[in-house]
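Q: build me a model:
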Amino acid sequence: MLDLSMHAIIDTDRHPVTQAPGHDGLVSRCRAEWAANGSFSLEGFLRPEALEQSVAEINPVMNAHAYHHAARHNIYFSNAGDVPEAINTPALIQRSSNHTLTADQLEGMIIQRVHRWPPLTRFLEMVLGKPALYPMADPMAGVNVMSYREGDRIGWHFDRAEFTVTLLLRRPEQGGMFQYRHNLRAPGEPNHRGVIALLSDEDPEVTDLPIKAGTLNVFAGYRSPHRVTPTQGHMSRLVAVLSYMEEPDVVFSAEDRLRFYGRADPSSPVPRPRSGGTGASARAVNQPSRP
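A: Numbering: from 1, shown residues only. Next up is the predicted model:
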């Protein structure tokens, strides 16, 4: 039976996110990577046994109760009328599809415990230079796990949040590559010309991030567009998204929950896919920005 202490789940010897020898050096390294690249990674953050158990906990729930998204959207996840005419071209339209579990479906699992672990929250505060961070309190949106089965993908998009925290739980057989373009825009500087170049496959600064299973990755999703290429093969890509807020008690509205998860509260049943395989959320815009 796996030791369920947090130090048995997270490799704090390799990554001393707690106040232990090496902690200050780890914070300094991650700060430098964040400043230079808008991202940093902790490879092997989950110990192998914990990673294996986490996937085993998630798999049966994912197979039986995941919410299926299949949508077209633009890079901003906005309504078409809000996109400047200068970049309102066919290349702006992206496709995304995945299968999602919400926080209420993950209660008691390893990934939920990692999200709520105070030393990890404090570590993120220090690296990102935030006065305070709080695990998102929403009972559905706080932590999500996404499965990308064969043909699933995420098209190019900017996140609404300043930063995104992910934990890769399983890589697919092929495809499913996380691609990232650092610092394409900034608040007040939309860089429409750069967006057009990216969507036209003419941006030489797009970077592949071949992240290994068990890696914690933090990236500046608001400034830096990113996508996941289509997954190939029978092994799905499995990734957790851990949401942290600068204010306590942040929750989604019922409308947002319905839009993102197909149900307004945890007591509601998960919608089943519609006939024809398009999934329960074939909306054109405003899909959740999840890597």
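
Q: helix, strand, or coil at residue 222?
A: Applying DSSP: H, G, I helix; E, B strand; the rest coil to residue 222 yields a three-state assignment of coil.

Q: repeat for residue 34
A: Here residue 34 is helix, with the state taken from three-state DSSP.

Q: for residue 6, which non-adjacent residue is closest in space?
A: Among residues not flanking residue 6 along the chain, residue 117 sits closest, at 5.6 Å (C-beta to C-beta, 6 or more residues apart in numbering). For every residue, glycine as well, the C-beta is placed using N, CA and C.

Q: any idea how far residue 158 is from the one you found?
A: From residue 117 across to residue 158, the span is 28 Å (C-beta to C-beta, to the nearest Å).

Q: what about the two, which has more around it?
A: Of the pair residue 117 and residue 158, residue 158 is the one with more neighbours under other C-beta atoms under 10 Å, namely 21 against 18.

Q: does that one touch residue 225 like I think?
A: Yes - under the criterion of C-beta atoms under 8 Å, residue 158 makes contact with residue 225 at 5.3 Å.

Q: anything in contact with each of the two?
A: Counting by C-beta atoms under 8 Å, 6 or more residues apart in numbering, the contacts common to residue 158 and residue 225 are residue 75.

Q: and the residue nearest to residue 6, what's its pLDDT?
A: pLDDT for residue 117: 97.

Q: cool, residue 88 as well?
A: Looking at residue 88, its pLDDT reads 72.

Q: please apply the same query to residue 226.
A: In this model, residue 226 is scored at 96, pLDDT.

Q: so it bridges to which residues?
A: Beta-bridge partners recorded for residue 226 (DSSP bridges): residue 157, residue 180.

Q: count the neighbours of it for me.
A: Other residues close to residue 226 by other C-beta under 10 Å number 26.

Q: same thing with residue 184?
A: Residue 184 has 24 neighbours, counted by other C-beta under 10 Å.

Q: that one reaches residue 193, doesn't it?
A: No - under the criterion of C-beta under 8 Å, residue 184 is not in contact with residue 193, lying 10.4 Å apart.

Q: one step back: next one: phi and psi at the residue nearest to residue 6?
A: Main-chain dihedrals, residue 117, degrees, to the nearest 10: phi -70, psi 110.

Q: ok, residue 14 - how many residues close by?
A: 13.

Q: try residue 213
A: By the measure other C-beta under 10 Å, the count of residues near residue 213 is 19.

Q: distance of residue 6 from residue 18?
A: 9 Å.

Q: any residues in contact with both of those two?
A: 12, 119.

Q: got any ranges where the stretch 1-150 of the chain has weak pLDDT?
A: Applying pLDDT under 70 to the stretch 1-150 of the chain picks out residues 1-3, 80-81, 86.

Q: can you do 90?
A: Applying pLDDT under 90 to the stretch 1-150 of the chain flags residues 1-4, 19-20, 69-74, 76-93.

Q: show me the strands in it, by range?
A: 39-42, 67-74, 93-101, 134-135, 143-148 (DSSP state E, counting those that start in this stretch).

Q: nearest to residue 111, out of those strands?
A: strand 143-148 (6.1 Å; C-beta to C-beta).

Q: tell me the contacts of residue 218?
A: Residues near residue 218 by C-beta under 8 Å, 6+ apart: 30, 34, 39-41, 124, 127-128, 163-166.

Q: what about 10 Å?
A: Shown in contact with residue 218 (C-beta atoms under 10 Å, 6 or more residues apart in numbering): 30, 33-34, 38-42, 124, 127-128, 163-166, 242, 244.

Q: quick check on the residues you listed: which are buried?
A: 30, 34, 38-42, 124, 127-128, 163-166, 242, 244 (16 or more other C-beta atoms under 10 Å).

Q: between the residues you listed, which is closest to residue 111?
A: Closest approach between the buried ones among the contacts of residue 218 and residue 111, by C-beta to C-beta: residue 242, at 8.0 Å.

Q: give me the beta-bridge partners of that closest one?
A: Residues in beta-bridge contact with residue 242 (DSSP bridges): residue 143, residue 165.
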